[in-house]
Structure formats: C-alpha cells, structure tokens
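*Asks:* show me how the following folds:
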Amino acid sequence: MRPVHVVLAGGGTAGHVEPALNLADCLRRHDPGIGITALGTERGLETKLVPERGYDLRLVTATPMPRRPTMDLARLPTRVRRSVAEVREVLADTGADVLVGFGGYVALPGYLGARGTVPIAIHEANARPGLANRVGARFTSYVGCAVPGAIAGAQHIGMPLRPAIANLDRAAVRAEARAHFGLDPDRPTLLVFGGSQGARRLNDATVAAAHDLTAQGIQVLHAAGLRNDDQRPTGALGPAPYVALPYIDRMDLAYAAADVALCRAGAMTCAELAAVGLPALYVPLPIGNGEQRLNALPVVDAGGGLLVDDASLDGALVVHQLAPLLLDAEQRREMETAAASHGQRDADERLRRLVLDAVASTGDTTARGGSR
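*Replies:* Numbering: from 1, shown residues only. As a prediction, this is how the structure comes out:
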C-alpha cells in the first residue's frame, strides 16, 4: 500500500516552522518514502525555510486574528472560509493521513479543514498557547507540548530539535568550536544572541559591558543581528577576544564554544540551551502575552539559568550577574547539570510516535510506512 502522507501546519515564524521541519526530518530518517507537505502563507518564513530543507510547500490564505476591531476583523470570516477550502484541497490532493499543527497563521484553518476528514496532532512550543492551538486541541486527543501543563491533558514531549543540537557534546567539540570563531581555547566565554534580527537591548548592554568583561579575561562571541552593524564594538577592547558577527549559522558550534549565554527566551532557544546543558541569562521579550518569561521559568527554577526583565538589562547588570559566573567553573558546572536535567533531546522521536498514533487511530497502517 502507499506510504503515509503527513501535512504540517506551522507557518509564520521560525518558532512555528523549525519544530515542524525537525519533525519532518525525523519522519524522513525513519521512512525515506514518507510523504510530507508543509502549509504556509506567502508572508511567512516558511517560504524560505521549507524549500531549503527540501520539502514541498503549499500556500494558503493567511488568517491572522486582528487584535482590535478593524475592517480586517470584518473580512475574517471570508478569509477563514477561503483558507479552510484551500487546506481541504491540499489534504485531498496529497491523500493526507494526518495533519500536524504547530500554531501560527496556517494552523487554525488547518485544524478546521482537517476536522472530520483526517486525524489531527498538535505540538505546542510555548508555555502559553495561542488561539490556533487552543482551538485545535478541542478536536483531538493527540496533543504534545514543550512546557509541562501548557495545554490541559497534553503529553509533555519537549521541543523537536535538529540532530546537530540534540546530539551535541559540548565538551568534545569545544576546541574545534572556539577555533572556528577565532576564540582563545582556554578563556571563559560568553555567547550573546538575539535571533536572526538580533536584539537591540541585548546588544546595547553587551557593548556597554565589553570593556569590563574582556578586562577580566572573559571573551565574548556576539551575534548582533544582520541589520545591527552599528551595535557591534570595534577596536581593541582588552586582553580577551571579542568576536562580533552579524549572524551565526552554526549554533551547535556556538553552544559548544560558550560557557554561558545571554539571550531572549523563545521556546526554541530555551529548549536548545537546556538540551545541551548551557546556562543562560534569559531576557524575555517584553511583548505578546508573556510567554517568553514562562518559557524560561522551568529551567530557571531548576537552577539552570537566570532571569532578568528587559527593562532592567544594562551593561552594569551584565557584568554584575555574569562575570562572577563565568569566572567560577564550579558554579557553572552545577548550572550545566541543572539545565541538562531539564532538557530533552528526543522530543522529535516522541512527537513522531504521537503523530503515528494519530494515523493509526483510523486503522492499521503498518503496511503503509507507519512502522516504529
């Protein structure tokens, strides 16, 4: 019989697209013949990320929920009907066996289009779910979450990660990683990053702290963002290296090179740092519904990180909080152990099993590529 075909609905941001693609990679590793189609919109990052990973992308009408009464709200029912019809067309064209949703603009029409047609499985990355996953969770019992208790009744499976991160042995590749970035092999190392666009608050605080950190022998690997050349320090700073880059495309090596991170608290960031056992000072983005703070709390409560409000972050705080930690190897080891105890490296496998359970709920699919 024909192989299983999985439709992924997780467009809009990297936080929705990356876990979907990490699941796709896991499914394909186990069954190279499995069919995978990703839903997306013309405005989402999926238009770049999905083709780069080699998967089929089908575009549907975006249905963002307006936050206040506008003409967009009046047009919403028409857009929803159109996008639901488009989703049903994709499900029919691909012979889909399951729709897996990750939240975002395409997830809600995905759930509505799949309801009563094909099984639905859901993964929630954040501690506080968005509207799409709250609605979708009413349609299925196959729900997994990265943060315990995010959705009532959901299985806590963690965040699907890339193998390069999930299988990373930081100590084993530290020398290679530091050489890759031009860092000293033996100095304590701070990694600073704020996503592909950077984070101006983190950049400003790091630059302000740069002279004090390097004067104490602490080296810095700083990914400032592609558009933030003005926020990278220049010239000699002190005895320790300060490597400032617009973007880091080998985050596995960055994690291996670092002893401590300074970063935001997106769901993927929190999951990756916990999985590799890298302590961090988390600075939640002060917008949205507060989910970034909630994302970081479990690992912080476990002793694997520190938490500070965005408004409080400045150069003096960076030096005060992080210099003693970076210079205290024993404390770092304790925090590494605490972070790693909270991390989960096999979430992609757990989510794969959840998805195949959803497929199997409609009948025996063993002969159709559903072997485990």
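*Asks:* report the contact partners of the spatially most central residue of the chain.
*Replies:* Centroid check for the chain by C-alpha atoms, centre = their mean gives residue 268 as the closest residue, at 2.3 Å. Going by C-beta atoms under 8 Å, 6 or more residues apart in numbering, residue 268 touches 14-15, 18-19, 125, 159. Using the backbone N, CA and C atoms, a C-beta is placed for each residue, glycine as well.
*Asks:* cutoff 6 Å now
*Replies:* Residues near residue 268 by C-beta atoms under 6 Å, 6 or more residues apart in numbering: 15, 18.
*Asks:* which helix or which strand is home to it?
*Replies:* helix 267-276 (DSSP states H and E).
*Asks:* just checking, what packs against the next helix or strand after that helix?
*Replies:* Beyond helix 267-276 on the C-terminal side, the first helix or strand identified by DSSP H and E is strand 280-282. Judged by 3 or more C-beta pairs under 6 Å, 6 or more residues apart in numbering; DSSP states H and E, the packing partners of strand 280-282 are strand 260-263, strand 305-307.
*Asks:* chain center to the lowest-mean-pLDDT helix or strand in the chain, what's the gap?
*Replies:* Between all helices and strands in the chain, the lowest mean by mean pLDDT, DSSP states H and E belongs to helix 71-94, at a mean of 81. The chain centre lies 27 Å from the centre of helix 71-94; the measure is C-alpha atoms, centre = their mean, to the nearest Å.
*Asks:* buried residues of it, list them for me.
*Replies:* Residues of helix 71-94 classed as buried by neighbour count (16 or more other C-beta atoms under 10 Å): 80, 83-84, 86-88, 90-91, 94.
*Asks:* what's the farthest-apart pair in the residues you listed?
*Replies:* 80 and 94 (21.3 Å; C-beta to C-beta).
*Asks:* state whether residue 42 is indeed within a helix.
*Replies:* No: Residue 42: not assigned to a helix; according to DSSP: H, G, I helix; E, B strand; the rest coil it is coil.
*Asks:* residue contacts, it?
*Replies:* With C-beta under 6 Å, 6+ apart, residue 42 has these contacts: residue 59.
*Asks:* also residue 162?
*Replies:* With the criterion set at C-beta under 6 Å, 6+ apart, residue 162 makes contact with residue 22.
*Asks:* all helices of the protein, in order?
*Replies:* Applying DSSP state H to the chain gives helices spanning 14-30, 46-52, 71-94, 107-114, 131-136, 163-166, 170-180, 200-215, 251-257, 267-276, 291-301, 315-326, 329-342, 347-360.
*Asks:* out of those, nearest to residue 309?
*Replies:* Of those, nearest to residue 309 by C-beta to C-beta is helix 291-301, at 8.5 Å.
*Asks:* that closest one - contacts with which helices or strands?
*Replies:* Against helix 291-301 (3+ C-beta pairs under 6 Å, 6+ apart) you get helix 267-276, strand 305-307.
*Asks:* switch to 8 Å and redo it
*Replies:* In terms of contacts (3 or more C-beta pairs under 8 Å, 6 or more residues apart in numbering; DSSP states H and E), helix 291-301 is packed against helix 267-276, strand 280-282, strand 305-307, helix 329-342.
*Asks:* what's the second one in contact with?
*Replies:* Identification of contacts with strand 280-282 by C-beta under 8 Å, 6+ apart yields 260-265, 270, 273, 292, 296, 300, 304-308, 318, 321-322, 339.
*Asks:* for it, the averaged confidence score.
*Replies:* Confidence for strand 280-282, expressed as mean pLDDT, is 98.
*Asks:* ok, the third one next?
*Replies:* Strand 305-307 shows a mean pLDDT of 98.
*Asks:* right, and residue 140 touches residue 116 too?
*Replies:* No: contact between residue 140 and residue 116 fails when scored by C-beta atoms under 8 Å: they sit 11.3 Å apart.
*Asks:* so the two - more neighbours on which side?
*Replies:* Set side by side, residue 140 and residue 116 show more neighbours around residue 140, with 19 against 8, by other C-beta atoms under 10 Å.
*Asks:* that one - nearest residue in space that isn't next to it in sequence?
*Replies:* residue 120 (4.1 Å; C-beta to C-beta, 6 or more residues apart in numbering).
*Asks:* list the beta-bridge partners for that neighbour.
*Replies:* Taking DSSP bridges, one obtains residue 99 as the residues bridged to residue 120.
*Asks:* quick one, what contacts residue 188?
*Replies:* Listed by C-beta under 8 Å, 6+ apart, the contact set of residue 188 reads 217-219, 259-260, 326-327, 329.
*Asks:* the same query, at a cut-off of 7 Å, please.
*Replies:* 218, 259, 326-327 (C-beta atoms under 7 Å, 6 or more residues apart in numbering).
*Asks:* do you know the pLDDT at it?
*Replies:* So, for residue 188, pLDDT stands at 98.
*Asks:* quick one: the residue lying closest to it once chain neighbours are set aside from residue 319, how far?
*Replies:* Residue nearest to residue 188 in three dimensions, not counting chain neighbours: residue 326, with 4.2 Å by C-beta to C-beta, 6+ apart. Going from residue 326 to residue 319 by C-beta to C-beta, to the nearest Å gives 10 Å.
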